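>>> one predicted model, sequence on top.
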Amino acid sequence: MVWLTGGGLVVCLGMILGLSALILYQGLATFWPGPVVRIRTIDGGTIMGEATRTERYRPTSDQLAEMDPQEAQRIARDRARRRLIRTGNFELTGVHFTWVDDSQVAPGAEDRPAWALVFERLAWGRFYGLPKAFTIDGQSQAEDPERIWAMFKEYHGPVRQRWRVRRRLERRDIGRINHRLERARLAVRRAELDSGEDSSQAESAREREHEVQRRARAEAERIRARIDELDAENARYAIVVETADGREQSLALGDIVRAYPPNRLSTAQRLGVYLSRWWEFLRDDPREANSEGGVFPAIFGTVVMTLLMSLAVVPFGVLAALYLREYAKAGLVVTIVRIAINNLAGVPSIVFGVFGLGFFCYIIGGTIDSVFFKASLPSPTFGAGGVLWASLTLALLTLPVVIVATEEALAAVPGSMRQGSFACGATRWQTIHRIVLPRAMPGIMTGLILAMARGAGEVAPLMLVGAVKLAPELPVDGVVPFVHLQRSFMHLGFHIFDLGFQSQNSEAAKPMVFTTTLLLITIIVLLNLAAIAVRARLKRRLGTAQF
Amino acid sequence: MDPASPVSVPGPDREASSPAIEAIRRGEPVASVVHERVAGEDPILQIQDFSLHYGPTQALHGVSLAIPRRGVTALIGPSGCGKSTLLRSVNRLNDLIDGVRIKGRMLLNGRSIYAPDVDVIDLRKRMGMVFQKSNPFPMSIFENVVYSLRIDGVRNRGVLAEACERALRAAALWDEVKDRLRGSALRLSGGQQQRLCIARAIAADPEVLLMDEPCSALDPAATSRIEELIARISERYTVLIVTHNMQQAARVSRYTAFLYLGRVIEFGPTEDIFQRPTVPETEQYVTGHFG
């Protein structure tokens, strides 16, 4: 019997560890800078890029017929091998990746050029090439690779810095101007709605709007001038590279996010590239339709939504459990309510999404819009998905978990303590909030942990009520009122779905799927550890051994 | 459980010398014998023809007792005779159990406890209760002792601290815990926890102190300390104590009531009950020959 139970445990552990190991390995390997290979094929072409995947396969009989008979013999014993090479250079070749079969490689024609450079760019994906020249204002300043690379390193840093300043100007400063214009426009709409289009209030609102627009235009022009200045300065610098098939391309330094010569790096330098990519992943915004860049907005959105969900579910869940356990008289009604709550846990999560969309977004959100945000209509404020409705929908989803855990924690409070409290002359509510609830708090925290784990991982309902592929703003920022509950947000789970199924460059996105999964699991584990730490402290303080 | 008085239902050969048990068997009401010396005392609590049903089962049959003011009154009797039920009826803790029905009256200082307009919370505040197994709250020692005052709305730290010290001194616990009042009450030993519960019960200066077998879970050393405590506080308070241990009843109480099967069989001063009992069943019980 002990073998059976032990065996069951081992199988479970094996599955968990296997899954974790797979995600850990694939997720961590994504950012490691590998070498660049150059291959001359037997039909005369040249391919240069990073080898990402290797496959062994059985070719069809047609393919075998085309091959060299000796090759075909060898393949019959040992399967054919082909590699997926990331060739980049999308604007020149039209593809990001190319399959290269071993049989296509001309004999002895594979090498790793010392000066092959990898460029990660703001748009168009990666570029691979050999350095030909470094130009400033169109004039070539260096022709040999060492010198070119040294100049590149010298100028690229300041170029990036200028780019970041420029981006901040565009995002934050122009964004502020837009906000002011929007507010002025809404003020006009509100005045028109309240007092009529020809009223004096509307007139004065329109005048104010014109004033705001005038000042905004002037300021915007100033900012644009500055942006143009920065852009112009950045546009001076470029690097000319030669691609594998002999074409020359000039890459502006402003478009390059990162570049490195992979075949010349020491392990320490590779580690540097690796860590800088991780840093970018965690801190930056996404690029290239989410297949490159960072996932910071998704991390932020996931954490904010999970916290809001916890804030919503714990009070309601605990109050409901308190009523069921402490106040309600045992009977048919209470039994039916309990059955209903337990069944709620079995409803598919997408159904909650549909309910959230219909009830929260359209009905409640629509009502809020028509009462408070009439001026913005027909563009919905709360009448469409947002972080508030998403949190409430997920709170509904995880409610049964919290109720059940809280009820069990309340039931575990010894009756002797309750009796002692009543004997001292406490009312029922005093007994609950002074004795029962504090004693049940560790169990309630367990419910919270389970709810957070379940809620942070649900994607299906979020797709309908507020998670988006690319959100223009974060739900929490420096603009009053600081927490914008009506904004849509990005979510790591949704990001993974988007990467896996809706990418154009799916091969590039695949490794990112693993990395993002690793990140999501890590965040949930951290949230859970925090809650477990709080629970452990509570347990120590209360001296209980339950839960 | 007191090993000296094993519980057993009287066998057929005892029937002849147990008219009360005979009468109970036949379903007739049994008159309780009340000694004169107790009948003349000023009662703080008057129980008049009190009956209680737990659902279909009747636990108390027409109990009538007049508990004298101050001093210790003990309720003794074999298991299941209704002592604890009677005790819990005094502070209406039985109200919390579903399906409980009562008949008859209980008067505290002349005012009915079970009248419809009685504020139960207020009533319970005027009584303190100590249970068989100590039940300190999961709070600090200080908070445990002043719990009754806090729920009454007292917030003044000075008042609370003073009441806490007074109660802990009366419970003979002050010297042991005065340096760790903020420590958790759950870290005290069994005997200390029970003394803490006694301190908690007397902190709000109750009129009646109800004790339900307070020493049954403690070792003899702790038991004797608590008995000293009870003897001391009974100068101020009225103590109603339920006990299985007849030696304890003989040691601490001034008056003793013997109950059997939900009825009061005999009630009188302790020495009389133990040395000159009137009813034969009482004598059988106190000499350990019950059954």
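Arrived safely, thanks for sending.
>>> only C-alpha atoms for contact and neighbour calcs from this point on.
Will do.
>>> quick one: secondary structure of the nearest residue to B:Q284 once chain neighbours are set aside?
Excluding the flanking residues, the one nearest B:Q284 by Cα to Cα, 6 or more residues apart in numbering or on different chains is B:F290, at 5.1 Å. Following DSSP: H, G, I helix; E, B strand; the rest coil, we place B:F290 in the coil state.
>>> pLDDT at B:F290, what is it?
On pLDDT, B:F290 comes in at 71.
>>> swap in B:M139?
pLDDT at B:M139 comes out at 89.
>>> same question, A:P380
85.
>>> tell me if it really is in a strand.
No: looking at A:P380 with three-state DSSP, it is coil, so not inside a strand.
>>> separation between it and A:Q486?
Distance from A:P380 to A:Q486, counting by Cα to Cα, to the nearest Å: 9 Å.
>>> can you report phi and psi for the residue nearest to the spatial centre of chain B?
Taking Cα atoms, centre = their mean, the centroid of chain B lies closest to B:I241, which sits 3.0 Å from it. Note on B:I241: backbone dihedrals following degrees, to the nearest 10 are phi -120, psi 130.
>>> A:A530 now?
phi -60, psi -50.
>>> what's the answer for A:I227, then?
phi -60, psi -40.
>>> okay, now it: neighbour count?
Counted by other Cα atoms under 10 Å in any protein chain shown, the residues lying close to A:I227 total 20.
>>> was I right to think it contacts A:L169?
Yes: with contacts counted by Cα atoms under 8 Å, A:I227 reaches A:L169, the gap being 7.3 Å.
>>> which residues does B:M127 bridge with?
When assigned by DSSP bridges, B:M127 has beta-bridge partners B:V208.
>>> list the contacts for it?
Neighbouring residues of B:M127 by Cα atoms under 8 Å, 6 or more residues apart in numbering or on different chains: A:423-424, B:91, B:201, B:206-210.
>>> can we see that at 6 Å?
Residues in contact with B:M127 (Cα atoms under 6 Å, 6 or more residues apart in numbering or on different chains) are B:206-209.
>>> assumed A:S140 was part of a helix.
No: looking at A:S140 with three-state DSSP, it is strand, so not inside a helix.
>>> next up, the contacts around it.
A:F134.
>>> kindly recompute the last result at 8 Å.
Counted by Cα under 8 Å, 6+ apart, A:S140 has contacts A:133-134.
>>> what do you get for A:F152?
By Cα under 8 Å, 6+ apart, the neighbours of A:F152 are A:134, A:239.
>>> now do the one 3 residues further on
Taking Cα under 8 Å, 6+ apart, we find A:Y155 in contact with A:Y237.
>>> swap in A:L485?
A:386-388, A:475.
>>> can you pull the phi and psi angles for whatever residue of the stretch 251-400 of chain A ends up closest to chain B?
Nearest to chain B, among the residues of the stretch 251-400 of chain A, is A:K329, at 9.2 Å (Cα to the nearest Cα). The phi/psi pair for A:K329 (degrees, to the nearest 10) reads phi -80, psi 130.
>>> and for it, the neighbour number?
12.
>>> so, low pLDDT: which residues of the stretch 1-150 of chain A?
A:64, A:67, A:71, A:75-78 (pLDDT under 70).
>>> which helix or which strand is home to residue 181?
Chain wasn't specified; assuming chain A. Assessed by DSSP states H and E, A:L181 sits inside helix A:174-195.
>>> what residues of that helix count as buried?
Buried residues in helix A:174-195, counted by 16 or more other Cα atoms under 10 Å in any protein chain shown: A:174, A:177, A:180-181, A:184-192.
>>> in TSV: those, plus pLDDT and distance to chain B.
Formatted as TSV, the buried residues of helix A:174-195 follow (pLDDT from 0 to 100; distance: Cα to the nearest Cα, whole Å):
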residue	pLDDT	distance to chain B
A:I174	86	56
A:I177	89	54
A:R180	88	52
A:L181	89	55
A:A184	88	53
A:R185	88	55
A:L186	86	52
A:A187	86	51
A:V188	87	55
A:R189	86	54
A:R190	85	51
A:A191	86	53
A:E192	85	55
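>>> these: which two are farthest apart?
Pairwise distances across those (Cα to Cα) peak at 27.2 Å, for the pair A:I174 and A:E192.
>>> and the residue of chain A found nearest chain B, what is it in contact with?
Proximity of chain A to chain B (Cα to the nearest Cα) peaks at A:G425, 4.4 Å away. Counting by Cα under 8 Å, 6+ apart, A:G425 makes contact with B:121-125, B:148, B:151.
>>> got the residue ranges for the strands in the chain?
Looking at chain A here, since you left the chain open. Secondary structure of chain A by DSSP state E: the strands cover A:36-41, A:46-57, A:80-86, A:97-101, A:105-111, A:117-121, A:127-136, A:139-142, A:237-242, A:248-252, A:256-260, A:286-287, A:292-293.
>>> meant chain B actually
With strands called from DSSP E, chain B shows them at B:33-34, B:43-54, B:57-68, B:71-76, B:100-108, B:111-112, B:127-130, B:208-212, B:238-242, B:255-260, B:263-269.
>>> and B:A20, which of these is closest to it?
strand B:263-269 (7.9 Å).
>>> average model confidence for the closest one?
The model assigns strand B:263-269 a mean pLDDT of 89.
>>> now find how far off-centre that strand is within its chain.
15 Å (Cα atoms, centre = their mean, to the nearest Å).
>>> elements contacting it?
In this structure, strand B:263-269 packs against strand B:33-34, helix B:36-39, strand B:57-68, strand B:255-260, with contacts taken as 3 or more Cα pairs under 8 Å, 6 or more residues apart in numbering or on different chains; DSSP states H and E.
>>> let's have these in JSON lines, adding distance to A:F296, mean neighbour count and mean pLDDT.
Shown next, in JSON lines, are the helices and strands packed on strand B:263-269 (distance: least, Cα to Cα, whole Å; neighbours: other Cα atoms under 10 Å in any protein chain shown; pLDDT from 0 to 100):
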{"stretch": "strand B:33-34", "distance to A:F296": "85", "mean neighbour count": "18", "mean pLDDT": "81"}
{"stretch": "helix B:36-39", "distance to A:F296": "83", "mean neighbour count": "14", "mean pLDDT": "76"}
{"stretch": "strand B:57-68", "distance to A:F296": "68", "mean neighbour count": "20", "mean pLDDT": "90"}
{"stretch": "strand B:255-260", "distance to A:F296": "76", "mean neighbour count": "25", "mean pLDDT": "91"}
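>>> so for A:E146, which of the ones you listed sits nearest?
Taking Cα to Cα, strand B:57-68 is the member of the helices and strands packed on strand B:263-269 nearest to A:E146, at 100.8 Å.
>>> measure the residue sitting nearest the centre point of chain A to A:A451 for me?
In chain A, the centroid-proximal residue (Cα atoms, centre = their mean) is A:A298; its distance is 3.1 Å. From A:A298 across to A:A451, the span is 20 Å (Cα to Cα).
>>> just B:E176 next, same as before
44 Å.
>>> ok, the two, which is more surrounded?
The neighbour comparison of B:E176 against A:A451 (other Cα under 10 Å) goes to A:A451, with 26 against 13.
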